[in-house]
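Colleague: Take a look and give me a structure for this.
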Amino acid sequence: MLLVLAAGHAHAARLHVVVEREGRDVTIAADTWIGADAPTAWRVLTDYERYVDFVPGLRESRVLHRHDGHVTVVQSGDVSWLLLHWPLDAVYEIDESPVSGLRSRGTAARAVLDSVYALIPEAGGVHLRYRGTLRARDEFLGAFERMAGTHAVARELSALVDEIERQDGRSRERPGPAPAP
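Modeller: Residues are numbered from 1 along each chain as shown. Okay, here's the model as predicted:
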């Protein structure tokens, strides 16, 4: 199964998300250019407690522990897809590599999400590259739950990108090539 998703925010047109299913695993690849500098992108990406201010459906995001680039975050909220909703509680173990990116493992009752976020500085902004694997903890993670989980990841990424650009305050247009002399 190969699926390209569009997230439901202003940034969706520029957030390219590709989803592939391999057995019980779903891999998610997302790429986008962000009209912001790398320090702003890093600050928003790692301000986990503020996620509740801009990620739809997230009720709590709390840092439990932070030491030497390792962070433990607990999040709770609602996952929804189409007309269906259910609560989701997850604990994330995150290893940060300032300002270039982070790796995280989110553990919930029925699934594990391993993610890598890379921030790559480019002219006029930063490229965000996301790679994640949503893995069923048991064989009962059905197609609906995989799609809802995938939709939730795309929605969070889109909200994150929108918040980075909002905090940076720059134009959202990617600069074109320099004019010829």
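Colleague: Residue ranges in this structure under the pLDDT threshold?
Modeller: Within the chain, the segments meeting pLDDT under 70 span 1-13, 81-82, 84, 137-146, 171-181.
Colleague: For stretch 104-122, buried residues please.
Modeller: For stretch 104-122, a neighbour-count test (16 or more other C-beta atoms under 10 Å) marks 104, 106, 108, 111, 113, 114, 115, 117, 118, 119 as buried. For the C-beta atoms, the positions are set from N, CA and C on the backbone; glycine is no exception.
Colleague: from the middle of its chain, how far away would it be?
Modeller: Between the centre of stretch 104-122 and the centre of its chain there are 7 Å (C-alpha atoms, centre = their mean, to the nearest Å).
Colleague: quick one: secondary structure of the one residue sitting closest to the centre of the chain?
Modeller: Taking C-alpha atoms, centre = their mean, the centroid of the chain lies closest to residue 157, which sits 3.5 Å from it. Assigned by DSSP: H, G, I helix; E, B strand; the rest coil, the conformation of residue 157 is helix.
Colleague: just checking, it touches residue 17?
Modeller: Yes: if you go by C-beta atoms under 8 Å, residue 157 and residue 17 touch, sitting 7.4 Å apart.
Colleague: Contacts only, for residue 64.
Modeller: Neighbouring residues of residue 64 by C-beta atoms under 8 Å, 6 or more residues apart in numbering: 72, 73, 74, 91.
Colleague: sec struct for it, please.
Modeller: Look at residue 64: counting by three-state DSSP, its state is strand.
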